[in-house]
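Chemist: Take this sequence and fold it.
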Amino acid sequence: MNNATPFSLPNQDGTIMSLSDFAGHWLVLYFYPKDDTPGCTIEACSFRDTHDEITRLGAQVVGISKDDATSHDKFKAKYDLSFHLLTDADGKTMEAYGAWGKKMFGKEGILRKTFIITPDGKIAKEFGRVTPEGHGHQVAETLKELQRAQEQK
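Modeler: All right, here's what the predicted structure looks like:
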């Protein structure tokens, strides 16, 4: 397992949040293209709908896009999202996590990726080319499997 790349980014309230803020807890870190677009809304609502289950497993969910705090705040309010959305305006965190690159038709942009990070800051699972529908459930199930495997060590 690789170490998760440290980050410090503003959330929807302008508060700077860092990877170190989640030390000692599981973290579901997901990258998405744009607030309030069809696929991103489906994915965010999937995390919203499984949020209680994910938090019962001792994990927190954090979304990252290039949208600004105002956009994030509106998106959270509109869909009653119960987790932080961070702004990566310069895209450096996206690049560090491999969530920026060539998309369909050769255009570059944000790649929909999700990472499950262990309490000690290691990447336990990477989901690439995420399908938004049902992704929250998929992550919750994988989190359970990872925790079971860790308990058996």
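
Chemist: from here on, contacts and neighbour counts on C-alpha atoms
Modeler: Noted.

Chemist: for the residue nearest to Tyr30 when sequence neighbours are not counted, which residues make a bridge with it?
Modeler: Spatial nearest neighbour of Tyr30, excluding adjacent residues (C-alpha to C-alpha, 6 or more residues apart in numbering): Thr114 at 4.1 Å. Thr114 has these beta-bridge partners by DSSP bridges: Tyr30, Phe127.

Chemist: what's around Thr114, how many residues?
Modeler: If you count neighbours by other C-alpha atoms under 10 Å, Thr114 ends up with 24.

Chemist: Would you agree it is in contact with Gly128?
Modeler: Yes - proximity of Thr114 to Gly128 meets the contact threshold set by C-alpha atoms under 8 Å, at 6.8 Å.

Chemist: Walking through this protein, point out its strands one by one.
Modeler: Taking DSSP state E, the strands of the chain run over residues 8-10, 16-18, 26-31, 59-65, 84-87, 100-102, 108-110, 113-117, 123-127.

Chemist: Out of the ones you listed, the one nearest Glu53 is which?
Modeler: Evaluated over the strands of the chain, closeness to Glu53 peaks at strand 59-65, with 9.1 Å, by C-alpha to C-alpha.

Chemist: What residues sit buried inside the closest one?
Modeler: Residues of strand 59-65 classed as buried: 59-65 (neighbour count, 16 or more other C-alpha atoms under 10 Å).

Chemist: And for stretch 75-94?
Modeler: 75-76, 81-88, 91, 93-94.

Chemist: that older thread, ok, the residue nearest to Tyr30 - contacts?
Modeler: 28-31, 126-128, 130 (C-alpha atoms under 8 Å, 6 or more residues apart in numbering).

Chemist: got it, and Ala140?
Modeler: Neighbours of Ala140 in contact, by C-alpha under 8 Å, 6+ apart: 50, 53-54.
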